[in-house]
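K.L.:
Got a predicted model here, sequence first, then my questions.
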Amino acid sequence: MKYQKIYLTVKLFVVSVFVCFLLFSVSSCVSVVRQSKIVSKDIRVKMTKEEVKSRIGSPYKVAYKLADGGKYYDYWYYKEAIYTGRAWFWVETILVFDGDTLREVKQGREQREGETIQVTNSDLTAKKAN
């Protein structure tokens, strides 16, 4: 009986250590995004659309805009969650392509996780006027 209690105590201890090891292993595999994939994947002006897509994937939205002189530009929108150390932010990055070549990287909207953005009629009117 005495040895059975010791055996169960040792077995419980070994199982507890194993479970703690598993929990630590799994939690250390989870990474926190602290840098934009635009920076971490080294997206640079003069890259082609295919190079960009192979590094960071497809955009969540694509727009086409007509510039002065009748030239069209492709706008690729990427959105990602980034942790700053205090809070999560949704960050939008806009890549502007002239034909197949990346010409500009623009910062889009930033929104703190959990905050809402209120859009008013004056905001919509101002966008239509531009």
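P.N.:
That came through, no problem.

K.L.:
Going by C-alpha atoms from here, please, whenever you check contacts or count neighbours.
P.N.:
Will do.

K.L.:
The closest residue to Thr84 other than its chain neighbours - how many residues pack around it?
P.N.:
Nearest non-adjacent residue to Thr84, counting by Cα to Cα, 6 or more residues apart in numbering: Arg34, 6.0 Å away. By the criterion of other Cα atoms under 10 Å, Arg34 has 14 neighbours.

K.L.:
Let me see the ranges of the helices in the chain.
P.N.:
With helices called from DSSP state H, the chain shows them at 2-29, 37-40, 49-56, 121-129.

K.L.:
one step back: pretty sure the residue nearest to Thr84 sits against Arg86.
P.N.:
No - contact criterion Cα atoms under 8 Å: Arg34 and Arg86 do not qualify, at 10.8 Å.

K.L.:
which residues does the residue nearest to Arg109 when sequence neighbours are not counted contact?
P.N.:
Counting by Cα to Cα, 6+ apart, Arg109 lies nearest to Glu92, which is 5.3 Å off, once chain neighbours are set aside. Counting by Cα atoms under 8 Å, 6 or more residues apart in numbering, Glu92 makes contact with Tyr77, Tyr78, Lys79, Glu80, Gln107, Gly108, Arg109, Glu110.

K.L.:
and the first one, what are its bridge partners?
P.N.:
So the one you mean is Tyr77. Applying DSSP bridges to Tyr77 gives these bridge partners: Lys61, Ile94.

K.L.:
Report pLDDT for it.
P.N.:
Note for Tyr77: predicted pLDDT of 97.

K.L.:
Quick check: it touching Tyr60?
P.N.:
Yes - applying Cα under 8 Å as the test, Tyr77 and Tyr60 come out as touching, 6.0 Å apart.
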